[in-house]
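Enquirer: Sequence first, then the predicted structure, then my questions.
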Amino acid sequence: MSTTYCSHCGTKIIWDWQDAFDKFGFDDGDGLVMTNAVANVLRTAGYTVTAEPWRLHNVVITSIQRDGGELIPETANIGYDEPRKYLPVGIVALLDEKLSGAVEVQP
């Protein structure tokens, strides 16, 4: 889990990177949405990432590409399936390393 301090309310927010792949993540999009922070970790590692608003819900990562190949399988039910089960092991390891534990992430 990562933590972020909300400058608006002054509260420490605890969140999981998996929320960036979940339609109902980040309190259904009503909380502090950190999808861009997750996408930036992936971009820094050389991936091309697409994140899109899910109607009135969360902003969700819908595509991760490298060298022109899509890394989210077509069989994944994006927004509903557990990303740890469909993302490549290397991506899960990267996100765990950069966004888990006592990591404080800036919004």
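Expert: Cool, got the structure. Residues are numbered from 1 along each chain as shown.
Enquirer: If we go by neighbour counts, what in the host helix or strand of Arg43 is buried?
Expert: Arg43 belongs to helix 35-44 when elements are defined using DSSP states H and E. Of all the residues in helix 35-44, those buried under the rule 16 or more other C-beta atoms under 10 Å are 35, 37-39, 41-42. All C-beta spots, glycine's among them, are computed from the backbone N, C-alpha and C.
Enquirer: ditto for stretch 89-107
Expert: 91-92, 94-95, 98-99, 105.
Enquirer: Sticking with Glu52, tell me its helix or strand.
Expert: Going by DSSP H and E, Glu52 is part of strand 48-53.
Enquirer: For that strand, which strands pair with it and how are they oriented?
Expert: Each strand paired with strand 48-53, and its direction, by DSSP bridges: strand 59-66 (antiparallel).
Enquirer: So what does the residue nearest to the spatial centre of the chain have for phi and psi?
Expert: In the chain, the C-alpha nearest the mean C-alpha coordinate belongs to Ala20, at 2.9 Å (C-alpha atoms, centre = their mean). The phi and psi values for Ala20, taken as degrees, to the nearest 10, are phi -70, psi -10.
Enquirer: Same check on Ile78?
Expert: Backbone torsions for Ile78, taken as degrees, to the nearest 10, come to phi -60, psi 140.
Enquirer: That one - nearest residue in space that isn't next to it in sequence?
Expert: Excluding its sequence neighbours, the residue lying closest to Ile78 (C-beta to C-beta, 6 or more residues apart in numbering) is Thr62, at 5.6 Å.
Enquirer: For the one you found, give me its contacts.
Expert: Thr62 makes contact with 50-52, 72, 78 under the criterion C-beta atoms under 8 Å, 6 or more residues apart in numbering.
Enquirer: circling back: out of the buried residues of stretch 89-107, which one sits closest to Arg84?
Expert: Nearest to Arg84, judged by C-beta to C-beta, of the buried residues of stretch 89-107 is Val92 at 5.6 Å.
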